[in-house]
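Student: got a structure for you, letters missing:
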């Protein structure tokens with residue numbers, strides 16, 4: 001295989017800052033969810049509790065310590081990602097354009113098994129999912145701030161229906177994040193090759209992409 005062929009077969013998919021954000025975010029989200037479930041169990045919103053085995057902290061005080069520690073990791077990491085994402089054009093390149101019609105169209109193709117996989121480009125369903133989970137994380141952080149400091153953030157709390165309303169927003173934000181994680185992990189299991197670029201940055205192009213790259217030169 002020539003050097004040119006090797007070049008065509010490999011592509012740089014994820015920059016270092018994206019990979020660092022992903023893994024730090026995964027750690028922070030996991031710690032916050034598990035400790036959050038333990039906090040929820042101390043004062044449940046609904047008629048169920050999470051199994052103690054999947055919670056973190058052991059007791060309410062311990063869970064709160066884990067939750068606040070992970071919160072700072074998550075918030076700082078998210079702020080850096082948002083700043084760099086807009087400054088470098090990462091969001092524009094990876095998440096746009098996307099429209100309701102394109103999402104429905106790609107969803108229809110996926111259900112029929114006709115949605116092509118691209119190494120470098122997200123389809124509209126993926127774009128919508130990533131935008132959605134980012135918004136869910138931001139909303140969950142904001143509602144968590146209201147629950148944590150209801151007096152200091154009372155104006156924001158009013159938009160959520162007060163303290164109890166903020167608790168509901170926080171819970172359903174967490175639920176949306178968990179749903180994304182389940183979907184994300186399912187896709188990784190179905191297409192394990194997508195995990196390698198998030199570790200090393202590079203990926204092998206699909207056969208179709210290699211042919212397109214060869215035609216361009």
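Tutor: Happy to help now that I have it. Every value quoted in this text rests on a predicted model; they were computed, and no experiment measured them.

Student: what residues are up against residue 107?
Tutor: For residue 107, the contact set (CB atoms under 8 Å, 6 or more residues apart in numbering) comprises residue 125. Quick note: C-beta positions are derived from backbone N, CA and C, even for glycine.

Student: how far is the helix or strand it falls within from where the chain is centred?
Tutor: Per DSSP states H and E, residue 107 falls inside helix 100-111. Offset of helix 100-111 from its chain centre (CA atoms, centre = their mean, to the nearest Å): 20 Å.

Student: buried stuff in that helix?
Tutor: Under the neighbour-count criterion of 16 or more other CB atoms under 10 Å, helix 100-111 has 103, 106 buried.

Student: and if you look at stretch 147-161?
Tutor: Using 16+ other CB under 10 Å as the test for burial, stretch 147-161 gives 147, 153, 157, 160.

Student: pretty sure the last one contacts residue 145?
Tutor: Right, residue 160. No: contact criterion CB atoms under 8 Å: residue 160 and residue 145 do not qualify, at 10.5 Å.

Student: re earlier: make TSV out of the buried residues of stretch 147-161 and add secondary structure, pLDDT and distance to residue 17.
Tutor: Below are the buried residues of stretch 147-161 laid out as TSV (DSSP: H, G, I helix; E, B strand; the rest coil; pLDDT from 0 to 100; distance: CB to CB, whole Å):
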residue	secondary structure	pLDDT	distance to residue 17
147	helix	95	30
153	coil	94	30
157	helix	95	33
160	coil	96	32
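
Student: just the closest of those residues to residue 26, please.
Tutor: Using CB to CB, residue 147 is the member of the buried residues of stretch 147-161 that lies nearest residue 26, at 23.2 Å.

Student: apart from its neighbours in sequence, what residue is nearest that closest one?
Tutor: residue 166 (5.3 Å; CB to CB, 6 or more residues apart in numbering).

Student: and the one you found, which helix or strand is it part of?
Tutor: Judged by DSSP H and E, residue 166 forms part of helix 162-190.

Student: chain neighbours aside, what residue packs nearest to residue 180?
Tutor: With sequence-adjacent residues excluded and distances taken as CB to CB, 6+ apart, residue 180 is closest to residue 133, at 4.3 Å.

Student: fine by me, we can end here.
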